[in-house]
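Participant: what would the 3D arrangement of this be:
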Amino acid sequence: MSFITSPAADISLLDTSISRHFAQKWIWLGGIIALPIALPNILWQAQHHWPTYELLSNIAHSNKNVALNPVQFIAQQAVFLNPGTLPLWLAGLFWLFASSEGWRYRAIGIIYLVTLTEFIVLHGKSYYLAPAYPMLFAAGGVAAEQILAARLKWIKPVFLVAILGMGALCAPLVLPILSPDKLVAYMRAIHMEPPRTETSHTEALPQVFADQFGWEQMVGSVAHVYHHLRPEDEKRAAIFCQNYGEAGAIDFFGPKLGLPAPISGHQNYFFWGPRDWTGEVILVLDTSDEDERELFDSVEDLGQVVSSPWAMPFERRRHIYLCRDLKVSVREVWPRVKNWL
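Facilitator: Next up, the predicted model:
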């Protein structure tokens with residue numbers, strides 16, 4: 001989210017001491033410069049019926065994200081940002097509203113609080129707010145210097161050690177420092193793990209790491225099946241993936257294995273369409289063949305994809321189905337595969 005163009009920024013302008021800047025030419029010059037930068041994205045959104053809004057709306061009405069109450073959401077901010085930095089950004093927020101010097105920059109605090117409220121009400125993921133914190137760290141740095149330099153100089157090294165210590169403790173939770181089995185053991189030992197952000201993830205390995213496993217093995221499975229098709233089928237077969245992760249993996253690993261570009265109805269892949277698929281032959285990655293049997297005259301299960309035991313659980317359950325003879329036209333079926341979630 002852009003904090004310059006967000007509703008939070010608009011609300012902050014209701015403060016008359018801030019809105020007076022509209023009488024100066026520089027803010028209008030900045031707007032003139034910003035417009036051509038933002039215009040291509042705005043036109044693309046309008047042309048495609050505002051997909052970002054559609055995505056956020058679908059997520060809000062689904063059970064995809066873990067729903068957090070206000071206390072849980074705010075508590076996760078401290079976890080994501082390193083608990084040792086909590087006093088720093090809280091001091092920055094307090095300084096913006098309580099200090100005579102910080103009062104000049106209170107629009108930053110207003111933007112933060114309004115955006116925080118937006119994400120809590122709309123059940124956004126707790127890390128969505130991360131881009132807001134550099135401005136609070138800057139304010140907190142000024143506040144810390146004013147308070148500690150004058151009275152409590154000895155706290156500064158203690159505070160620094162606390163930040164570095166908590167950073168070192170949490171580093172394996174966000175960086176690939178440990179092997180998966182050692183990371184699971186480490187989390188158990190320190191009784192800490194990254195907060196879950198999606199309801200579908202219940203495995204021991206945090207999703208940020210689980211999402212990085214199994215892709216190359218999966219593509220290898222698809223390539224093995226693809227190259228064992230009859231020659232006439234291999235030439236005309238498409239590969240359909242259920243999500244952009246699978247499709248992206250085939251786009252990345254597939255060329256060196258001789259695979260064609262995949263097709264998918266998930267998010268932006270939907271806009272790229274069915275490419276040159278004729279509807280005659282297709283390999284579909286799915287957890288069951290229920291949908292495929294409704295759409296095709298022939299469906300054959302060619303086996304489960306090879307994955308990693310550390311991969312996301314639904315990726316480990318994928319099978320490769322060989323489907324022949326679409327019952328309707330490709331043009332008719334394509335809108336039905338759209339998945340904007």
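
Participant: just the element for I239, please.
Facilitator: With elements taken from DSSP states H and E, the one containing I239 is strand 238-241.

Participant: for that strand, which strands pair with it and how are they oriented?
Facilitator: strand 263-264 (parallel), strand 281-286 (parallel) (DSSP bridges).

Participant: beyond that strand, next helix or strand please.
Facilitator: helix 244-253.

Participant: CA atoms only for that next one - export them in PDB, please.
Facilitator: Extracted C-alpha coordinates of helix 244-253, given in PDB (Å, rounded to 0.1, in the frame of the first residue of the first chain):
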ATOM      1  CA  TYR A 244       0.800 -18.800  -9.400                       C
ATOM      2  CA  GLY A 245       3.400 -20.600  -7.200                       C
ATOM      3  CA  GLU A 246       3.100 -23.800  -9.300                       C
ATOM      4  CA  ALA A 247       2.900 -21.800 -12.600                       C
ATOM      5  CA  GLY A 248       5.900 -19.600 -11.600                       C
ATOM      6  CA  ALA A 249       8.000 -22.700 -10.700                       C
ATOM      7  CA  ILE A 250       7.300 -24.200 -14.200                       C
ATOM      8  CA  ASP A 251       8.100 -20.800 -15.800                       C
ATOM      9  CA  PHE A 252      11.400 -20.800 -13.800                       C
ATOM     10  CA  PHE A 253      12.600 -24.400 -13.900                       C
END
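
Participant: average pLDDT across that helix?
Facilitator: Helix 244-253 comes out with an average pLDDT of 97.

Participant: give me the contact list for that helix.
Facilitator: Contacts with helix 244-253, where a contact means CB atoms under 8 Å, 6 or more residues apart in numbering, come from 211, 215-216, 218-220, 222, 239, 241, 259, 261-264, 266-269, 285, 315, 318. The way it works is simple: take the backbone N, C-alpha and C, and place the C-beta from them, glycine included.

Participant: how about R316, nearest residue that isn't a chain neighbour?
Facilitator: Using CB to CB, 6 or more residues apart in numbering and skipping the chain neighbours, the partner closest in space to R316 is S307 (4.6 Å).

Participant: next step: the contacts of helix 244-253 restricted to strands.
Facilitator: Among the contacts of helix 244-253, DSSP state E puts I239, C241, I263, S264, L285 in strands.

Participant: can you redo the residues you listed as TSV, where the extra columns are neighbour count and distance to G109?
Facilitator: Output for those, formatted as TSV (neighbours: other CB atoms under 10 Å; distance: CB to CB, whole Å):
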residue	neighbour count	distance to G109
I239	25	50
C241	25	44
I263	23	47
S264	24	42
L285	23	47
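
Participant: which two among the residues you listed are spaced furthest apart?
Facilitator: The span of the ones in strands among the contacts of helix 244-253, defined through CB to CB, is set by I263 and L285 at 11.2 Å.

Participant: now for these two: what residues contact both?
Facilitator: Residues touching both I263 and L285 (CB under 8 Å, 6+ apart): I239, F240, C241.

Participant: ok, now which ones touch the nearest residue to V305 once chain neighbours are set aside?
Facilitator: What sits nearest to V305 in space, not counting adjacent residues and going by CB to CB, 6+ apart, is S221, at 4.2 Å. S221 is in contact with G303, V305, V306, I320, counting by CB under 8 Å, 6+ apart.

Participant: can you list the low-confidence ranges for this protein?
Facilitator: Regions of the chain meeting the criterion pLDDT under 70 cover residues 1-19, 21, 149-152, 199-202.

Participant: what's the domain layout of it?
Facilitator: Following automatic domain parsing, the chain resolves into domains at 7-188, 215-337.

Participant: from those, which stretch is densest packed?
Facilitator: Each of the domains of the chain was scored by mean neighbour count; the highest is domain 215-337, a mean of 17, by mean count of other CB atoms under 10 Å.

Participant: measure it end to end?
Facilitator: Start-to-end span of domain 215-337 (CA to CA, to the nearest Å) is 22 Å.

Participant: and what of stretch 75-87?
Facilitator: Distance across stretch 75-87, first residue to last, is 13 Å (CA to CA).

Participant: quick one: contacts of it?
Facilitator: By CB under 8 Å, 6+ apart, stretch 75-87 touches 68, 89, 126-127, 129-130, 133, 137, 140, 159, 162-167, 170, 194-195.

Participant: so which of the residues you listed belong to strands?
Facilitator: Those of the contacts of stretch 75-87 lying in strands (DSSP E): none at all.

Participant: what sits against Q242?
Facilitator: Applying CB under 8 Å, 6+ apart to Q242 gives the contacts S264, H266, L285, D286, R318, N339.

Participant: E203: which of the shared contacts of I263 and L285 is nearest?
Facilitator: If you rank those by distance to E203 using CB to CB, C241 comes first, at 21.2 Å.

Participant: now that closest one: how far from V161?
Facilitator: For C241, the distance to V161 (CB to CB, to the nearest Å) stands at 48 Å.

Participant: where's W310, which helix or strand?
Facilitator: Going by DSSP H and E, W310 is not in any helix or strand.

Participant: now do R324
Facilitator: Using DSSP H and E, R324 maps to strand 319-326.

Participant: which residues touch that strand?
Facilitator: Residues from elsewhere that reach strand 319-326, judged by CB under 8 Å, 6+ apart: 221-222, 225, 229, 279-289, 292, 295-305, 333.
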